[in-house]
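K.L.:
Here is my input, please return the structure:
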Amino acid sequence: MKRAGFTLVELLVVLGLIAVITAIAVLAMPGSIRTSKADSAMTTVIAELRRAREMAVSERRDMEVRFVNNNEIRILRLEVPSGSATLVRSTLLEGGFRFVVFSDVPDTPDGFGKTAAVSFGSSTTYIFRTEATFTDNNANLDPISGTIFIGLTGQSSTARAATIFGPSALVRGYRWDGRSWIE
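P.N.:
Residues are numbered from 1 along each chain as shown. Here you go, the predicted model:
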């Protein structure tokens, strides 16, 4: 006569497999969460830069971008004819992410420089122009290119970067994988 059911050995094997899979998932979870949050911070920066560019073109008003307190992006509309600035948007990076440069991580493949966390040469004013360029505030409106580096202080595995190519205001994102930048 055949009896239905499972033997104790079969049950123990299944429980053992479940325990091993659970342990692997629990150990992998913190790294996955950190990676996801780093990607989210980079996406936030890229979205704000693209938003400022699109607003400059669609509203036909220059938009100044300010990087404040190592974790905030402000978009200001430059009014005509006064030239005064009106705050349009302010966005904070969440989860402890900041504008930070890592000494053990090289410059991005675009090669715009790595002199600071917000690296645009000697420029300190950044403006998306109505004709879809990215410039500083000098009189001849020379386009500037540069990089914004993002991450958690002391954790180069969270390094991310957003680059801007000044003549077209093209914004790109990069993720550091421990060996190279991945677009």
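
K.L.:
From here on, just use CA atoms for contacts and neighbour counts.
P.N.:
Noted.

K.L.:
Tell me how far the residue nearest the centre of the chain lies from E48.
P.N.:
The centre of the chain sits closest to M42, judged by Cα atoms, centre = their mean, with a distance of 1.5 Å. Distance from M42 to E48, counting by Cα to Cα, to the nearest Å: 10 Å.

K.L.:
ranges for the strands of this structure?
P.N.:
63-68, 72-78, 85-92, 98-99, 118-119, 126-128, 134-135, 146-152, 155-165, 170-176, 181-182 (DSSP state E).

K.L.:
The second one pairs with which strands, and in what direction?
P.N.:
Taking DSSP bridges as the criterion, strand 72-78 forms sheet pairs with strand 63-68 (antiparallel), strand 85-92 (antiparallel).

K.L.:
Turn these into JSON lines, including distance to G173, mean pLDDT and mean neighbour count.
P.N.:
Rendered in JSON lines, the data for the strands paired with strand 72-78 read as follows (distance: least, Cα to Cα, whole Å; pLDDT from 0 to 100; neighbours: other Cα atoms under 10 Å):
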{"stretch": "strand 63-68", "distance to G173": "17", "mean pLDDT": "94", "mean neighbour count": "21"}
{"stretch": "strand 85-92", "distance to G173": "18", "mean pLDDT": "95", "mean neighbour count": "15"}
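
K.L.:
out of these, which comes closest to F149?
P.N.:
For those, the distance to F149 is smallest for strand 63-68, at 11.4 Å, taking Cα to Cα.
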